[in-house]
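Chemist: curious how this folds, go ahead:
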Amino acid sequence: LAPHRNLLRRLRPTSEELLTANGAAVGCFQDPTTGVHYAVVVNRDLAAPRTVRLTPGAGIGRLDDVLAKKRLPLRAAGEQRAASMRLAAGEGCLLKLLR
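Modeler: You can find the predicted model right below:
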């Protein structure tokens, strides 16, 4: 996380639910200097890995994993779009949410 220290310090919580994740804790934030939204997703299970389904809120068209430096593909999931990712026990990720 050290390379992203300045970004993490700037982030402010949002009241909008911009991303949901099954089986994981999610916090949504905005960078006040750029207006870009981010989400922190953490596997709550400290004993086992989990594949987490990520469902972006209205207007979010792209999810980028900041730490892994890759885009998460969004696929149709009923009437919504969703992505999935594997998180180790207690592991988290920082996602950039793009409209």
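Chemist: give me the nearest residue to the residue sitting furthest away from the middle of the chain, chain neighbours excluded.
Modeler: Relative to the centre of the chain, the most outlying C-alpha is that of residue 47, 21.1 Å out, by C-alpha atoms, centre = their mean. Once flanking residues are discounted, residue 47 sits nearest to residue 89: 5.6 Å by C-beta to C-beta, 6 or more residues apart in numbering. C-beta coordinates here come from the backbone N, C-alpha and C atoms, glycine included.
Chemist: what residues are up against the one you found?
Modeler: For residue 89, the contact set (C-beta atoms under 8 Å, 6 or more residues apart in numbering) comprises 43, 45, 46, 47, 48, 49, 50.
Chemist: filter these to the buried ones?
Modeler: Buried by 16 or more other C-beta atoms under 10 Å: 43, 50, out of the contacts of residue 89.
Chemist: ok, so of the contacts of residue 89, who is nearest residue 31?
Modeler: residue 43 (24.1 Å; C-beta to C-beta).
Chemist: hey, where'd the helices end up in this protein?
Modeler: 5-10 (DSSP state H).
Chemist: can you pull the poorly scored residue ranges out of it?
Modeler: The model of the chain has pLDDT under 70 over residues 1.
Chemist: so which of the contacts of residue 89 belong to strands?
Modeler: The strands, defined by DSSP state E, take in 43, 50 from those.
Chemist: a markdown table for the contacts of residue 89, including distance to residue 82?
Modeler: Output for those, formatted as a markdown table (distance: C-beta to C-beta, whole Å):
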| residue | distance to residue 82 |
| --- | --- |
| 43 | 17 |
| 45 | 20 |
| 46 | 25 |
| 47 | 25 |
| 48 | 21 |
| 49 | 19 |
| 50 | 15 |
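Chemist: nearest to residue 83 among the contacts of residue 89?
Modeler: Distance ranking of the contacts of residue 89 against residue 83, using C-beta to C-beta, places residue 50 first at 14.3 Å.
Chemist: the spatially closest residue to residue 48 that is not a sequence neighbour and residue 23, how far apart?
Modeler: The spatially closest residue to residue 48, leaving aside those adjacent along the chain, is residue 89, at 5.5 Å (C-beta to C-beta, 6+ apart). Plainly put, residue 89 is 12 Å away from residue 23 if you go by C-beta to C-beta, to the nearest Å.
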